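In: show me how the following folds:
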Amino acid sequence: MEVSTSSPSGGFVPVLRATLAPGADRRSFPASARQPASRVRLTIASNHGNESFTELFSFRSFAPRPAAPPMPPISDTYQTSYSTFRVLHQVTAPAGCYQYNEDPLSGAIDGRVMKPTGREGQSEGPAVMVCSPDGSSFCGFWRARNRRGELGRE
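Out: Numbering: from 1, shown residues only. Presented below is the predicted three-dimensional model:
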């Protein structure tokens, strides 16, 4: 087994060499080195002499997931399919409004996901908006009463 952080075709570093006995199930092999990786390449060097086929039913590799980069504040003015949308990021909560009727916005932010209550005139309902990694745009949906409206697809 080899791992790489650079590309699908290069930069691979060996981290495991193991032999699996014929018919052996549910085997586990520890890696010889802990190496950062975004790609894993598995090479089967032998099929124990079978002339017809080589078969591997499953392969799993486990590693701790790296911490997500911090989300930049999303305080900005966004143009949406409905109207101009102003957001002020206050710790874990967004506050702001739609320019249309200055309808208020309130809710929660968890990472890159905003969960506000969307309001437009008399219509009100839950919304889910996912911000781009740099906080410059978002995509989302909201549901108000018995209709579904798209909120800020960019």
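In: got the domain boundaries for this structure?
Out: 1-66, 76-151 (automatic domain parsing).
In: quick one, which of the ones you listed is packed in tightest?
Out: domain 76-151 (a mean of 16; mean count of other CB atoms under 10 Å). The C-beta positions use only the backbone N, C-alpha and C, and glycine is treated the same way.
In: what is the mean pLDDT for it?
Out: Mean pLDDT, domain 76-151: 71.
In: could you export stretch 112-131 as PDB, keeping only the C-alpha atoms?
Out: The C-alpha coordinates for stretch 112-131 follow below in PDB (Å, rounded to 0.1, in the frame of the first residue of the first chain):
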ATOM      1  CA  ARG A 112     -20.100  26.500   6.900                       C
ATOM      2  CA  VAL A 113     -23.800  25.800   7.400                       C
ATOM      3  CA  MET A 114     -26.200  28.600   8.300                       C
ATOM      4  CA  LYS A 115     -29.600  27.500   9.500                       C
ATOM      5  CA  PRO A 116     -31.700  30.700   9.600                       C
ATOM      6  CA  THR A 117     -35.400  31.300   9.600                       C
ATOM      7  CA  GLY A 118     -36.300  32.800   6.200                       C
ATOM      8  CA  ARG A 119     -38.900  35.500   6.100                       C
ATOM      9  CA  GLU A 120     -40.300  37.200   3.000                       C
ATOM     10  CA  GLY A 121     -43.300  39.400   3.800                       C
ATOM     11  CA  GLN A 122     -45.800  37.200   5.600                       C
ATOM     12  CA  SER A 123     -44.100  33.900   4.600                       C
ATOM     13  CA  GLU A 124     -41.700  32.400   7.100                       C
ATOM     14  CA  GLY A 125     -39.900  29.000   7.300                       C
ATOM     15  CA  PRO A 126     -36.600  27.200   7.900                       C
ATOM     16  CA  ALA A 127     -33.700  27.700   5.500                       C
ATOM     17  CA  VAL A 128     -30.300  25.900   5.100                       C
ATOM     18  CA  MET A 129     -27.500  27.700   3.400                       C
ATOM     19  CA  VAL A 130     -24.000  26.300   2.800                       C
ATOM     20  CA  CYS A 131     -21.200  28.900   2.400                       C
END
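In: part of a strand, is Phe85?
Out: Yes. With DSSP: H, G, I helix; E, B strand; the rest coil as the criterion, Phe85 is part of a strand.
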